[in-house]
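**Q** Please work out how this folds:
(5 chains)
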Amino acid sequence: MIIGKVVGSIVSTRKQENLIGNKFMIVEPVNSGKNQVIAIDNIGAGIGEYVLVAQGSAARIGCGMPDAPIDAAIVGIVDNM
Amino acid sequence: MIIGKVVGSIVSTRKQENLIGNKFMIVEPVNSGKNQVIAIDNIGAGIGEYVLVAQGSAARIGCGMPDAPIDAAIVGIVDNM
Amino acid sequence: MIIGKVVGSIVSTRKQENLIGNKFMIVEPVNSGKNQVIAIDNIGAGIGEYVLVAQGSAARIGCGMPDAPIDAAIVGIVDNM
Amino acid sequence: MIIGKVVGSIVSTRKQENLIGNKFMIVEPVNSGKNQVIAIDNIGAGIGEYVLVAQGSAARIGCGMPDAPIDAAIVGIVDNM
Amino acid sequence: MIIGKVVGSIVSTRKQENLIGNKFMIVEPVNSGKNQVIAIDNIGAGIGEYVLVAQGSAARIGCGMPDAPIDAAIVGIVDNM
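**A** Predicted coordinates:
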């Protein structure tokens, strides 16, 4: 996983059907490169919060959406940074 | 996922049989490195549009083509950038 | 796998349910880039130790948690560096 | 996927049994970083041709070799560059 | 896959149970970045040899260890470099 800071969200009206109902957060890695990640959020992370992001098959399988085109998910909120 | 801008498309006449019928778009990442990604497009993204791209097993499984050699797919069009 | 040095740990109170009970260690790669990895630890690695980290589906499947959103795990402690 | 240029091939006499019969091409990415990829080739790509390369599980599953240690495959030849 | 040069090995006494019996080689990529990879070796590669390394799920599934936390494996020895 990586730690990142939630810096925004995106809206996508035209999207794959099995993505409907998900929130897409823009996450900036902390000490893990400069490439922003767009991650779904089931935890309720707010902008400015530091989060734990899982990537790859862990994101869709670990979040109970094995058939959705999801490769990154916020899976925890970091208590202190 | 990453956000990218569709900057072109490619044509491949000789290709793996289970790729036939797909469109291959050239996507330039936005705030996520400089490496172009070739992604299939089921959504109907046009050149110049900003899109959400899923990578890895999420691309083929999440787009209903689990047996195709696809590692990147456009899964949404971003409303505003 | 990569070799890394354990440099800290993080606490996440609000997290995905299937992550409960895991320890999250901050690992700094050795000779393998500069991007920190957050890895679960089943081995009992201490801060300052050098460890072997498996990434991707190997982390959750190889550690007996195939349904958890885990993409990195400490799977060994390196005897000498 | 990425686009790459085939710049050579490699020969490996001692190899994993389930790799026997495959050709291994050296592919140089185009607009996608500088890291060469060694990809199997089922399409018949020649040196100097521009190809579409699938990576990760898509390579072995999408090319009908789900049990082989293959993480990259040439899956198409690009018509024009 | 990538080509790499075997530059050493590591010893890990305390490790995940399903890793016991494997050799862990330190591989330095050739023309594929600077990040060292720790790969298991079933082929019998010696230090100084050039090898083909498979990464990701291909490493554990393609080497007959689908349940082990292995994300990189030496799957061939390159005849000439």
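**Q** does any part of stretch A:63-81 sit near chain C?
**A** Yes: on the criterion Cβ under 8 Å from any Cβ of the partner chain, stretch A:63-81 is in touch with chain C at A:63, A:73, A:75-80. Yep, even glycine has a C-beta here, placed from its N, CA and C like the rest.
**Q** Dump those to JSON lines, plus distance to residue E:25, pLDDT and secondary structure.
**A** Listed next are the residues of stretch A:63-81 next to chain C as JSON lines, based on distance: Cβ to Cβ, whole Å; pLDDT from 0 to 100; DSSP: H, G, I helix; E, B strand; the rest coil:
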{"residue": "A:63", "distance to residue E:25": "35", "pLDDT": "96", "secondary structure": "coil"}
{"residue": "A:73", "distance to residue E:25": "33", "pLDDT": "98", "secondary structure": "strand"}
{"residue": "A:75", "distance to residue E:25": "32", "pLDDT": "98", "secondary structure": "strand"}
{"residue": "A:76", "distance to residue E:25": "34", "pLDDT": "98", "secondary structure": "strand"}
{"residue": "A:77", "distance to residue E:25": "39", "pLDDT": "98", "secondary structure": "strand"}
{"residue": "A:78", "distance to residue E:25": "35", "pLDDT": "98", "secondary structure": "coil"}
{"residue": "A:79", "distance to residue E:25": "39", "pLDDT": "96", "secondary structure": "coil"}
{"residue": "A:80", "distance to residue E:25": "39", "pLDDT": "86", "secondary structure": "coil"}
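**Q** so what pLDDT did the residue of chain A found nearest chain D get?
**A** Chain D sits closest to residue A:57 of chain A, with a gap of 8.2 Å, by Cβ to the nearest Cβ. On the pLDDT scale, residue A:57 is placed at 98.
**Q** if I look at it, how far off is residue D:58?
**A** Distance, residue A:57 to residue D:58, by Cβ to Cβ, to the nearest Å: 12 Å.
**Q** shared neighbours, those two?
**A** Applying Cβ atoms under 8 Å, 6 or more residues apart in numbering or on different chains, one finds that residue A:57 and residue D:58 are jointly contacted by B:56-57.
**Q** Go through stretch A:28-40 and flag the buried ones.
**A** A:28-29, A:32-33, A:35-40 (16 or more other Cβ atoms under 10 Å in any protein chain shown).
**Q** what comes into contact with it?
**A** For stretch A:28-40, the external contacting residues (Cβ under 8 Å, 6+ apart) are A:2-5, A:7, A:10, A:22-27, A:50-51, A:53, A:55, A:59, A:63, A:70, A:72-74, A:81, B:1-3, B:29-33, B:52, C:34-37.
**Q** Is it possible to mark the buried ones in those residues?
**A** Buried members of the contacts of stretch A:28-40, scored by 16+ other Cβ under 10 Å, are A:2-5, A:10, A:22, A:24-27, A:50-51, A:53, A:55, A:59, A:63, A:70, A:72-74, B:1-3, B:29, B:32-33, B:52, C:35-37.
**Q** Of those, which belong to strands?
**A** Judged by DSSP state E, the buried ones among the contacts of stretch A:28-40 include A:2-5, A:10, A:24-27, A:50-51, A:53, A:55, A:72-74, B:2-3, B:29, B:52, C:37 as members of strands.
**Q** Check the residue of chain A found nearest chain B and give its pLDDT.
**A** Proximity of chain A to chain B (Cβ to the nearest Cβ) peaks at residue A:69, 2.6 Å away. Note on residue A:69: pLDDT of 98.
**Q** Now do the spatially most central residue of chain A, the pLDDT please.
**A** In chain A, the centroid-proximal residue (Cα atoms, centre = their mean) is residue A:39; its distance is 2.1 Å. Looking at residue A:39, its pLDDT reads 98.
**Q** now the one 4 residues further on
**A** What the model reports for residue A:43 is a pLDDT of 96.
**Q** In contact with it, which residues?
**A** A:51, A:74-77, C:14-16.
**Q** of these, closest to residue B:46?
**A** Checking these against residue B:46 with Cβ to Cβ, the nearest one is residue A:74 at 30.1 Å.
**Q** Any idea what that closest one is bridged to?
**A** Following DSSP bridges, residue A:74 is listed with bridge partners residue A:41, residue A:53.
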